[in-house]
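>>> Give me the fold of what follows.
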Amino acid sequence: MNEENKSPFTEHLGELRDRLVRSFIAVGIGFICAYLFKEKIFEFLTAPLVEAMGNAGNAKMIFTGLPEAFFTYLKVSFLAGIIIASPVLFYEFWMFVSPGLYRTEKKYLLPVVVLSFFFFIAGASFGYFVVFPQGFKFFLGFANDNIQAMPSMKEYLGFASKMLLAFGLVFELPLVITFMARMGLVTVDFLKKNRKYAILIFFVVGAVLTPPDVVTQIMMAVPLMALYEVSIIGAKIFGKKAPVKDDDTPAEDTSQKG
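Numbers count the residues shown, from 1 in each chain. This is a model prediction of the structure:
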């Protein structure tokens with residue numbers, strides 16, 4: 001590698017290091033701010049479960065190890081810190097990759113990245129406000145006079161984080177399919193033709209990503225079916241258009257010069 005090629009490479013590494021440092025600092029600041037309100041944040045995260053437990057006659061959570069509550073609050077503060085720092089993380093990511101993109105690539109990538117954030121928030125919100133209350137009500141319905149639900153802080157944080165992440169990711173479906181249609185990888189006819197197979201896959205995904213109960217599986221599969229229809233509309237509007245064949249070819253001139 002000659003000096004001319006080595007210099008830009010080391011410059012990119014230096015820029016990447018600087019942007020990573022600024023990103024870590026932003027996450028650190030977000031973590032500190034979130035830790036100051038750790039109880040409120042955890043209270044908000046556990047509100048659907050606490051409400052369901054209150055309706056069942058027991059609204060208390062436990063921790064089974066002495067450091068469990070401390071480390072649970074640390075994890076909650078770290079996750080909240082990433083969310084707080086997400087504008088900075090997005091800015092640093094965009095400023096690093098944008099100089100190497102063509103104008104058309106920038107035109108598509110920026111909206112995709114921004115929309116993916118909003119789709120993820122929409123999916124996580126659906127899981128929190130719609131699925132959690134119904135799912136927790138179903139699970140707590142197995143309690144009786146001899147069996148009492150006593151969820152721990154650590155177990156709930158792990159469960160809630162996985163579920164919110166799962167719903168956030170599956171709500172990216174319209175964006176992914178529309179982008180694939182824009183790149184010419186799928187067509188509207190293909191999506192319509194394979195709708196029944198997609199529905200089967202959605203129920204399989206719901207069974208894999210959610211707890212083993214019919215309620216939450218259906219509550220994930222049904223939105224996926226609706227999102228698939230939205231994807232078809234997106235593919236129809238933004239998908240790559242098939243080239244139009246020109247049948248009006250000029251007729252061959254058979255006239256002879258006199």
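>>> Can you tell me the element the residue nearest to Pro211 when sequence neighbours are not counted falls in?
Nearest non-adjacent residue to Pro211, counting by CB to CB, 6 or more residues apart in numbering: Gly135, 7.2 Å away. (Glycine included, C-beta is placed from N, CA and C.) Element membership of Gly135 [criterion: DSSP states H and E] is helix 132-140.
>>> List the buried residues in that helix.
For helix 132-140, the neighbour count (16 or more other CB atoms under 10 Å) marks Phe132, Pro133, Gly135, Phe136, Lys137, Phe139, Leu140 as buried.
>>> now swap in stretch 72-83 and tell me
Applying a neighbour-count criterion of 16+ other CB under 10 Å, one finds Thr72, Tyr73, Lys75, Val76, Ser77, Leu79, Ala80, Gly81, Ile82 buried in stretch 72-83.
>>> Can you say which two of these are spatially most distant?
Farthest pair in the buried residues of stretch 72-83 (CB to CB) is Thr72 and Ile82. Separation: 16.2 Å.
>>> So which of the buried residues of stretch 72-83 are in helices?
Mapping these onto helices (DSSP state H) picks out Thr72, Tyr73, Lys75, Val76, Ser77, Leu79, Ala80, Gly81, Ile82.
>>> Make JSON lines out of those and add pLDDT.
Converted to JSON lines, those look like this (pLDDT from 0 to 100):
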{"residue": "Thr72", "pLDDT": "95"}
{"residue": "Tyr73", "pLDDT": "96"}
{"residue": "Lys75", "pLDDT": "96"}
{"residue": "Val76", "pLDDT": "96"}
{"residue": "Ser77", "pLDDT": "96"}
{"residue": "Leu79", "pLDDT": "94"}
{"residue": "Ala80", "pLDDT": "94"}
{"residue": "Gly81", "pLDDT": "95"}
{"residue": "Ile82", "pLDDT": "94"}
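>>> Include distance to Phe167 when you put those residues into TSV, please.
Shown next, in TSV, are these (distance: CB to CB, whole Å):
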residue	distance to Phe167
Thr72	21
Tyr73	24
Lys75	19
Val76	18
Ser77	22
Leu79	15
Ala80	18
Gly81	21
Ile82	17
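>>> In terms of distance to Glu92, which of those ranks first?
For those, the nearest to Glu92 is Ile82 (13.2 Å; CB to CB).
>>> Leaving out the residues flanking it, which one is nearest to that closest one?
Excluding the flanking residues, the one nearest Ile82 by CB to CB, 6+ apart is Val27, at 5.8 Å.
>>> you'd agree the one you found is up against Ser86?
No - checked against CB atoms under 8 Å, the pair Val27 and Ser86 is beyond contact range at 9.4 Å.
>>> out of those two, which sits in the busier spot?
Val27 (19 against 15; other CB atoms under 10 Å).
>>> What pLDDT does the model give the more buried one?
Val27 carries a pLDDT value of 96.
>>> quick check, it in a strand?
No - Val27: not assigned to a strand; according to DSSP: H, G, I helix; E, B strand; the rest coil it is helix.
>>> I'd like the distance between it and Gly81.
Noted for Val27: a distance of 5 Å to Gly81, by CB to CB, to the nearest Å.
>>> How about Glu172?
23 Å.
>>> Please apply the same query to Gly54.
29 Å.
>>> ditto for Val188
Distance of Val188 to Gly81, given as CB to CB: 42 Å.
>>> Show the contacting residues for the residue nearest to Ile82.
By CB atoms under 8 Å, 6 or more residues apart in numbering, the contact list for Val27 reads Phe78, Gly81, Ile82, Ala85, Leu89.
>>> Kindly report the same for Ile218.
Gly206.
>>> what angle separates the one helix or strand it maps to from helix 132-140?
Element membership for Ile218, per DSSP H and E: helix 214-238. Using axes from the mean of the first three to the mean of the last three CA atoms, to 10 degrees, the direction of helix 214-238 lies 150 degrees away from that of helix 132-140.
>>> ok, so what distance separates the closest residue to Gly239 other than its chain neighbours from Leu175?
Closest residue to Gly239 apart from its sequence neighbours, by CB to CB, 6+ apart: Ala181 at 3.5 Å. Ala181 is 11 Å from Leu175, where distance means CB to CB.
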